[in-house]
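Trainee: Here you go, sequence then predicted model.
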Amino acid sequence: MIKNITSKEAFGIIIARKPLGKFFKIDNVTGKYLGIDNTTGHAWVEEFEDIEECICWLNEEEYYGDINEKEICKQALDIYGKEAQICMVFEEMAELQKELCKYLRGSEIVGNITEEIADVEIMLEQMRLLFDIEKEVEEMKEYKLKRLEERLKEEEIQKCRVCGCTYYTPCEGGCYWVEEDLCSKCAEIIIEREE
Ligand SMILES: [Mg+2]
Ligand SMILES: [Zn+2]
Ligand SMILES: [Zn+2]
């Protein structure tokens, strides 16, 4: 775990070489980040402009910097052309579909789903740019999500007061609404009891 520490604490770790661990501090004057890797008691120190770069260094990971998603997608459209990229949408969607089908058939590997979702999202980003509809898509998504939220609220309301079944999760063998909040299966049981 990487700990955010004060300048005073950082100074203490560099001098005393303890406690062991990974730390970083922000220099209030320069705004730079100081990473301290004291996992081995050597208190390795390095200064960074960027917090993410600092964390990558502490985690011994490669730092790629800020990748400009939009720029790369625009380049892909320029270089490969719109027809090729539209075909790529079909291809990537088919690959994702295949992975999801595999999952439904009981295959456990989720790694491929991750990769295919990433592929599809990159292609959809290119489509937004190609048709110049970035803002419109965002607005449409917001509208659709609001509508979905409203529909879900309605679903929540209709629930059997006895068993809690809903339209989408009915009782075994199926049931229907007898009352606003009572399903046919539970109504039968109530009637049997009363007889
Ligand atoms: Mg793919
Ligand atoms: Zn019920
Ligand atoms: Zn029911």
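Mentor: Arrived safely, thanks for sending. Ligands and ions are numbered 1, 2, ... in the order given.

Trainee: Near the closest residue to Asp27 other than its chain neighbours, how many other residues are there?
Mentor: Spatial nearest neighbour of Asp27, chain neighbours left out: Leu34 (6.4 Å); criterion: C-beta to C-beta, 6 or more residues apart in numbering. (Glycine included, C-beta is placed from N, CA and C.) Applying other C-beta atoms under 10 Å, we find 19 residues neighbouring Leu34.

Trainee: Could you check which helix or strand contains Leu34?
Mentor: strand 33-38 (DSSP states H and E).

Trainee: and the residue nearest to Asp27, what are its bridge partners?
Mentor: Beta-bridge partners of Leu34, counted by DSSP bridges, are Lys25, Glu47.

Trainee: Cys186 is in contact with Cys160, correct?
Mentor: Yes. The pair Cys160 and Cys186 qualifies as a contact (C-beta atoms under 8 Å) at a distance of 5.7 Å.

Trainee: how close does the nearest residue to Cys160 once chain neighbours are set aside sit to Glu108?
Mentor: With sequence-adjacent residues excluded and distances taken as C-beta to C-beta, 6+ apart, Cys160 is closest to Cys183, at 4.1 Å. As defined by C-beta to C-beta, to the nearest Å, Cys183 lies at a distance of 35 Å from Glu108.

Trainee: just to revisit the earlier point, can you work out which residues contact both of Cys160 and Cys186?
Mentor: Cys175 (C-beta atoms under 8 Å, 6 or more residues apart in numbering).

Trainee: More neighbours: those two, which one.
Mentor: Of the pair Cys160 and Cys186, Cys160 is the one with more neighbours under other C-beta under 10 Å, namely 23 against 20.

Trainee: So which elements touch the strand holding Leu34?
Mentor: Applying 3 or more C-beta pairs under 8 Å, 6 or more residues apart in numbering; DSSP states H and E, one finds that strand 33-38 makes contact with helix 7-16, strand 21-26, strand 44-48, helix 51-58.

Trainee: any chance of these in a markdown table, plus mean pLDDT?
Mentor: Below are the helices and strands packed on strand 33-38 laid out as a markdown table (pLDDT from 0 to 100):
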| stretch | mean pLDDT |
| --- | --- |
| helix 7-16 | 94 |
| strand 21-26 | 96 |
| strand 44-48 | 95 |
| helix 51-58 | 92 |
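
Trainee: which other residues reach the strand holding Leu34?
Mentor: 5, 10, 13-14, 17-27, 43-51, 53-55, 57-58.

Trainee: Of the residues you listed, select the buried ones using a ChimeraX command.
Mentor: Buried subset of the contacts of strand 33-38, written as a ChimeraX selection, criterion 16 or more other C-beta atoms under 10 Å:
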select :5,10,13,22,23,24,25,26,43,48,53,54,55,57,58
